[in-house]
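In: 3D, please:
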Amino acid sequence: MSSPLTLLLSAHALKTWGRRIKAAVPDGIGFVTAEEALANDRPCNAEIAFMTREVTGRSSKNNPTPELKGFDAVVRKSPRLKWLQIHPAGAERPIYRELRARAVKVTTASGATAVTVAHSTLGAVIAINRRFPLLADAQRRHAWEPRLGERSPRDLKGQCAVIVGMGPIGQTIARLLKMLGMTAIGVRRTAEPIDGCDRTIAYGQLMEVLPEADWLILCCPSSPTTRGLANAAVFQAMPTGSHFVNVARGEVAVEQDVIAALKSGQLAGAYLDVFEREPLDPASPLWDMPNVIVSPHTASHSLGQNEAIFEIFLDNLARFREGRKLRNDVDDLA
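Out: This is a model prediction of the structure:
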């Protein structure tokens, strides 16, 4: 009889979900916490690992916390590891490439955050279009500045959003914006149609549709194709006074070009949840632009998110034990 699987996870995750994981594996499963493994300073015998939000939640891509560094160290010293489930929708960190080179399967939680990120985007589109940031700025100055005449907002109905990235997040955003009467053009690796979009184009066709774009919304992975995609040439191709939303990755946009387009008025406003360097430099002019909403990489956060991610892990755990194809396998997207 084969020995039970051993799962690597944080002490917090074990306390939160240990009983439910045990219940899902009737023939037994063992646990080892990253904290224990790190203290032992020996190779870890885990075959599978679950990297949950509290391990990475306080880290930024430029400032990893001790918890994240410790978990990474244990994973690197787990020679029997076959599969790692992570909580983000994207898997750009170098360690994930290292593991895949070792034939370790890496799966994401793509889909778990689609609704919350789409809701954040919807709220930002409405807020920026209705001039809420400018009204908040006037309130801070105790200034009565009605949005009348030429200062009145345009109706969202009839405006066009070009949505780059047609995963679960992009598709959900498209459906919500269509409910407002907006046109949605989806951008993806191929021009294969997507439900909810009026039109779908490939990345190479982006410049052709930008003259129609009242909104450019990024919700794509970071890849050689997408890095630096939102740049000065792209903003210049859009109508003067258009808007920009980035809920993808900071490196998909050239930050200095975003700033320049906002300063010149080429972009009338922006919602930015991600940045080239995080945390955003306190000296960045983006903080003080009244037509910009700065969000500290929290577009996906909600009280129910962890449970949605855990459900994906449980699904994949059953698939792993049965030898079936894993959900959100990064190798399938490479």
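
In: helices along the stretch 51-200 of the chain, start to end?
Out: With DSSP state H, counting those that start in this stretch as the criterion, the stretch 51-200 of the chain has helices at 53-56, 66-76, 94-101, 114-129, 132-140, 168-179.

In: out of those helices, which comes closest to Val234?
Out: Closest to Val234 of the helices of the stretch 51-200 of the chain is helix 168-179 (C-beta to C-beta; 17.2 Å). C-beta: built from backbone N, CA, C; applies to glycine.

In: what are the buried residues along that closest one?
Out: Neighbour-count burial for helix 168-179, counted by 16 or more other C-beta atoms under 10 Å, picks out 168-174, 176-177.

In: can you tell me what sits against it?
Out: 89, 110-111, 113-115, 117-119, 121-122, 125, 161, 163-164, 166, 184, 186, 188, 194-197, 217, 219-220, 247 (C-beta atoms under 8 Å, 6 or more residues apart in numbering).

In: tell me where the stretch 201-334 of the chain has helices.
Out: Under the criterion DSSP H, counting those that start in this stretch, the stretch 201-334 of the chain contains helices at 206-209, 232-237, 255-264, 305-322.

In: okay, now the unreliable bits of the chain?
Out: Applying pLDDT under 70 to the chain flags residues 1-2, 334.

In: check the spacing between the residue nearest the centre of it and Met238 real quick.
Out: What sits nearest the mean C-alpha location of the chain, by C-alpha atoms, centre = their mean, is Ala248, with 5.1 Å. According to C-beta to C-beta, to the nearest Å, Ala248 stands 17 Å off from Met238.

In: for Asp257, same thing?
Out: Relative to Met238, and taking C-beta to C-beta, Asp257 is found at 12 Å.

In: who has more neighbours, the two?
Out: Higher neighbour count among Asp257 and Met238: Met238, with 22 against 19, using other C-beta atoms under 10 Å.

In: from one end of stretch 127-144 to the other, what's the distance?
Out: One end of stretch 127-144 to the other measures 18 Å (C-alpha to C-alpha, to the nearest Å).

In: list the buried residues of it.
Out: Buried residues in stretch 127-144 (16+ other C-beta under 10 Å): 127-129, 131-135, 137-138.

In: between those, which sits nearest Thr56?
Out: Ala127 (28.0 Å).

In: next up, the contacts around the closest one.
Out: Residues near Ala127 by C-beta under 8 Å, 6+ apart: 133, 271, 293.

In: so what's the residue nearest to the last one when sequence neighbours are not counted up against?
Out: The reference is to Ile293. By the measure of C-beta to C-beta, 6 or more residues apart in numbering, the closest residue to Ile293 outside its immediate chain neighbours is Tyr271, 4.6 Å from it. Taking C-beta under 8 Å, 6+ apart as the criterion, Tyr271 is in contact with 120-121, 124-125, 127-128, 244-247, 292-293, 295.

In: one more pass at 7 Å, please.
Out: Shown in contact with Tyr271 (C-beta atoms under 7 Å, 6 or more residues apart in numbering): 124, 128, 245, 293, 295.

In: in this structure the second one contacts Leu272, no?
Out: Right, the one you point to is Ile128. No: Ile128 is beyond contact range of Leu272, at 11.0 Å (criterion: C-beta atoms under 7 Å).
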